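Engineer: Turn this into a structure:
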Amino acid sequence: MTSSKNRLQRLVERFPGTRILVLGDLMLDQFIRGQVLRISPEAPVPVVQVRSESFVLGGMGNVAHNLAALGACVEAIGVVGADEAGRMLRDDFRAERVSVDGIVTDPSRVTSQKCRVIAEHQQVVRFDRETPTPMSPGVERNILRALAQALPRAQAVILSDYGKGVISRQVITAAISGARRRGIPVTVDPKIEHFGQYRGVDCITPNTAEAWAGMRRPVQTGEKPLIALGWDIRKLLKARSVLITRGPDGMSLFETGGRVTHIPTVAREVYDVTGAGDTVISVLTLSLAAGASLRDAAVAANHAAGVVVGKLGTAVCSVKELQETLV
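Structural biologist: Down below sits the predicted model:
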């Protein structure tokens with residue numbers, strides 16, 4: 001084993017017990033699976049004979065799930081409705097030993113939920129339940145209060161922005177400034193519409209499409225335009241670093257001081273990229289909280305992403321799986 005892999009192995013051993021605060025948009029993902037044997041006589045649509053139904057943590061919940069699977073002590077801050085989906089989310093968090101003290105219930109909203117109907121391996125339709133409006137001032141105050149109470153216990157903060165209303169300008173400012181005062185890393189998985197608001201983060205982790213769209217630029221191909229884009233994002237946001245995830249091309253890390261590191265993918269087989277971005281920001285942030293350099297944190301995140309894309313559906317990476325990729 002090389003010295004760098006030895007160093008990463010020791011890093012992963014420090015993950016259990018590291019305290020991470022995750023703030024963002026909570027969702028419940030529902031999967032209805034079956035098979036199509038006929039077309040409906042009522043309309044030209046397939047009739048799905050349901051064989052199974054399952055629910056998993058989505059949105060920010062998947063970030064928290066990834067962290068918990070690696071042994072982190074996780075506190076979640078978000079908003080749910082006074083409904084069955086919200087109760088299921090809380091129960092799932094408790095089962096994963098994720099603190100739910102910072103989850104606010106808003107009776108005027110529905111819990112964000114995505115339901116996918118899948119016939120064999122083909123998605124037939126998806127329908128969403130959500131309240132597409134900003135939080136009320138009262139709910140936002142409760143979120144800010146939960147943030148202020150949780151920050152003193154945290155070793156790092158993740159902003160998981162899915163554009164469902166929790167990550168407002170005021171919440172972003174409070175999270176970044178609070179983390180800065182405590183000297184702990186703050187990272188963000190961005191939403192395009194809020195791209196310019198994440199000033200001062202330690203790392204922002206857009207994929208290639210989000211990076212171009214967040215800067216309001218048409219997509220360009222090639223290494224030179226991508227490198228220029230990464231530096232422009234870092235300059236705009238005054239961020240300590242930018243990590244652009246590039247699918248089969250791996251990742252590119254842009255750091256203060258003009259250092260750019262291209263990290264090739266380590267995925268052996270790719271079955272499903274669902275949730276890979278959640279794994280990246282989880283492992284990156286957990287690594288930084290455990291004392292890693294940005295480059296080691298990005299390499300560890302890359303290895304973890306290589307594990308989850310080899311699994312079907314929304315998946316997580318365990319400590320054992322991550323260590324095995326570093327042998």
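
Engineer: The residue positioned nearest the centre of the chain is in what secondary structure piece?
Structural biologist: Closest to where the C-alpha atoms of the chain average out (C-alpha atoms, centre = their mean) is residue 278, at 2.9 Å. Using DSSP states H and E, the element containing residue 278 is helix 276-289.

Engineer: Residue 97 now?
Structural biologist: Per DSSP H and E, there is no helix or strand for residue 97.

Engineer: was I right about it contacting residue 68?
Structural biologist: Yes: using C-beta atoms under 8 Å, residue 97 is in contact with residue 68, at 6.2 Å. For every residue, glycine as well, the C-beta is placed using N, CA and C.

Engineer: what's the helix holding residue 278 packed up against?
Structural biologist: Packed against helix 276-289 by the contact rule (3 or more C-beta pairs under 8 Å, 6 or more residues apart in numbering; DSSP states H and E) you find strand 19-24, helix 60-69, strand 156-160, strand 186-189, strand 203-204, strand 241-245, helix 294-308.

Engineer: before we move on, back to that, am I right that the residue nearest to the centre of the chain is in contact with residue 58?
Structural biologist: No: counting by C-beta under 8 Å, residue 278 stays clear of residue 58, with 9.2 Å between them.

Engineer: gap between residue 86 and residue 287?
Structural biologist: Distance, residue 86 to residue 287, using C-beta to C-beta, to the nearest Å: 31 Å.

Engineer: higher neighbour count, the two?
Structural biologist: Taking neighbours as other C-beta atoms under 10 Å, residue 86 and residue 287 compare with residue 287 leading, 28 against 23.

Engineer: So for stretch 66-85, what gets flagged as buried?
Structural biologist: Residues 66-81, 83, 85 are the ones in stretch 66-85 that count as buried (16 or more other C-beta atoms under 10 Å).

Engineer: I'd like to know which of those are part of strands.
Structural biologist: Taking DSSP state E as the definition of strands, the buried residues of stretch 66-85 contribute 73, 74, 75, 76, 77, 78, 79, 80.

Engineer: The first one contacts residue 17, correct?
Structural biologist: Yes: checked against C-beta under 8 Å, the pair residue 73 and residue 17 is within contact range at 6.0 Å.

Engineer: any idea how far residue 302 is from residue 317?
Structural biologist: From residue 302 to residue 317 the distance is 11 Å (C-beta to C-beta).

Engineer: which stretch of helix or strand covers the residue nearest to residue 92 when sequence neighbours are not counted?
Structural biologist: With C-beta to C-beta, 6 or more residues apart in numbering as the criterion, residue 92 has its nearest non-adjacent residue at 5.5 Å, and that residue is residue 57. Counting by DSSP H and E, the element that carries residue 57 is strand 46-59.

Engineer: For that strand, list the C-alpha coordinates in CSV.
Structural biologist: Extracted in CSV, the C-alpha atoms of strand 46-59 (Å, rounded to 0.1, in the frame of the first residue of the first chain):
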residue,chain,number,x,y,z
PRO,A,46,-49.3,0.8,-19.3
VAL,A,47,-50.9,-0.9,-16.4
VAL,A,48,-48.3,-1.7,-13.8
GLN,A,49,-48.9,-4.7,-11.6
VAL,A,50,-47.4,-3.7,-8.3
ARG,A,51,-45.0,-6.2,-6.8
SER,A,52,-43.3,-4.1,-4.1
GLU,A,53,-43.2,-0.6,-2.5
SER,A,54,-40.3,1.0,-0.6
PHE,A,55,-39.4,4.3,1.0
VAL,A,56,-35.9,5.8,1.4
LEU,A,57,-34.4,9.0,2.7
GLY,A,58,-34.0,11.5,-0.1
GLY,A,59,-32.6,15.0,-0.5
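
Engineer: Sounds good, over and out.
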